[in-house]
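1. when you get a sec, could you give me coordinates for this:
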Amino acid sequence: MNAVRKLARGPGQVAVVDVEEPTAGPGQVVVEVAAAGICGTDLHIVDDEFATEPPVTMGHELAGTVAEVGAGVTGWSVGDRVTSETYFSTCGRCIHCRRGRPNLCSARRSIGSRENGAFAPYLLVPATNLHRVPDTLPLEHAALTEPLACTVHGVTDTAGVRAGDRVAITGPGPIGLLALQLAVAAGARAVMLGTGADRGRLALARELGAAAAIDVEQESDVPQAVNDALQADGADVAIECSGAEPAAATLLQVVTRGGRFAQMGLYGRRIALDQDVVCYKELTVTGTNASVPTAWPRALRLLADGAVRADRLITHRFDLSAWDEALALVRSKRGAKVLLRPGGTVGSSR
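-> A predicted model of the protein is given here:
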């Protein structure tokens, strides 16, 4: 089968190559991938700004159907509609694993970076990673479960966004637009900040419930524009989803005294921030790393109930052979969520 692989460390080093189809071992399943989302992390992998163990098949956002069930697996059958958590393995013994936070396990190995991922027709995962996709939820919508679970963990669990909060979000990419929808669903008032390159995404943010969508390159006084839109003296919660240094600096300006600053975007390098602002404003600063298992059922419910509009976020679809065109589109910030279709027929026999 063809797979999009990171072949070696270093910038680039990615190609479509022929690899063997996986076979399910004890406790494992093979999933036929119907749709796989391209994440900002995949760009970091291409640019060698994220740790990988090549050669490895990329991709960690997916939905599909069970194609093979290994020995000892119960509760799953061929043809079941599923999505999968991304941790291929964790130690299961450290304090983080025991507290239900496997995302912090130092021994975790994730699909798409250290284990073969979803940019291929078939994917091997532990059966314990699977979540059943509701019949009413299209599989390509379910491919957004992973980024939404990460956002649930970051926005709801870690940053604690709640009804009545005034929220400022930078980066109207898929994670930022998911964060916006979660904030609105929680009863918060939210504004989205972006640049001229985000014009289409800013328009989408307004459609998805943003009180305002602000182009920081066109606004002479961004903090005042945020205050006006939020009808408040600064944002209670500032959520950085862009992975851009200037965006983080802007949020330190617009967050109110005693507010919360939540970092979700990855920069891929060290950046400079005025940390004294954290002290002067007495900010609570949180970071978020991937997802936790408890976020996945909530993410699936939000998608199935329509509280999060996957249909409005998915803007482009590509065959696996056009992976380079798809990645270039993501890098250009045109559209929102870009999906790869690995090419298998959902539910086909192997």
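
2. pretty sure L202 contacts A212?
-> No. With contact defined as C-beta atoms under 8 Å, L202 does not reach A212; the gap is 9.4 Å. The C-beta positions use only the backbone N, C-alpha and C, and glycine is treated the same way.

3. compare these two (neighbour count), which wins?
-> L202 (21 against 18; other C-beta atoms under 10 Å).

4. got any residues that touch both of L202 and A212?
-> M192 (C-beta atoms under 8 Å, 6 or more residues apart in numbering).

5. what's the neighbour count on the nearest residue to M58 once chain neighbours are set aside?
-> Closest residue in space to M58, ignoring its immediate chain neighbours: F119 at 4.8 Å, by C-beta to C-beta, 6 or more residues apart in numbering. A total of 29 residues lie near F119 under the criterion other C-beta under 10 Å.

6. so what's F119 up against?
-> A3, V4, A36, T57, M58, G59, G112, L320, W323, L340, P342.

7. hang on, it in a strand?
-> No. Counting by DSSP: H, G, I helix; E, B strand; the rest coil, F119 is not part of a strand but coil.

8. need the pLDDT of it.
-> The per-residue pLDDT reported for F119 equals 98.

9. likewise for R334?
-> pLDDT, read off for R334, is 86.

10. quick thing: my sequence starts at 34, can you match it?
-> Sure thing, new numbering starts at 34, so read that last one as R367.

11. give me the low-pLDDT residue ranges for the stretch 234-383 of the chain?
-> 377-383 (pLDDT under 70).

12. now for the closest residue to G368 other than its chain neighbours, how many residues are close by?
-> Closest residue to G368 apart from its sequence neighbours, by C-beta to C-beta, 6+ apart: T348 at 3.5 Å. By other C-beta under 10 Å, 16 other residues sit near T348.

13. what comes into contact with the helix or strand harbouring T348?
-> Of the helices and strands defined by DSSP states H and E, T348 is found in strand 347-352. Contact partners of strand 347-352, identified using C-beta under 8 Å, 6+ apart, comprise 68, 173-174, 177, 358-359, 362, 368-374, 376.

14. neighbour-wise, give me the winner out of these.
-> L373 (30 neighbours).

15. any chance you could read off phi and psi for that one?
-> The phi/psi pair for L373 (degrees, to the nearest 10) reads phi -100, psi 140.

16. list the beta-bridge partners for the residue lying closest to A192 once chain neighbours are set aside.
-> Spatial nearest neighbour of A192, chain neighbours left out: A295 (3.8 Å); criterion: C-beta to C-beta, 6+ apart. A295 has these beta-bridge partners by DSSP bridges: I272, T319.
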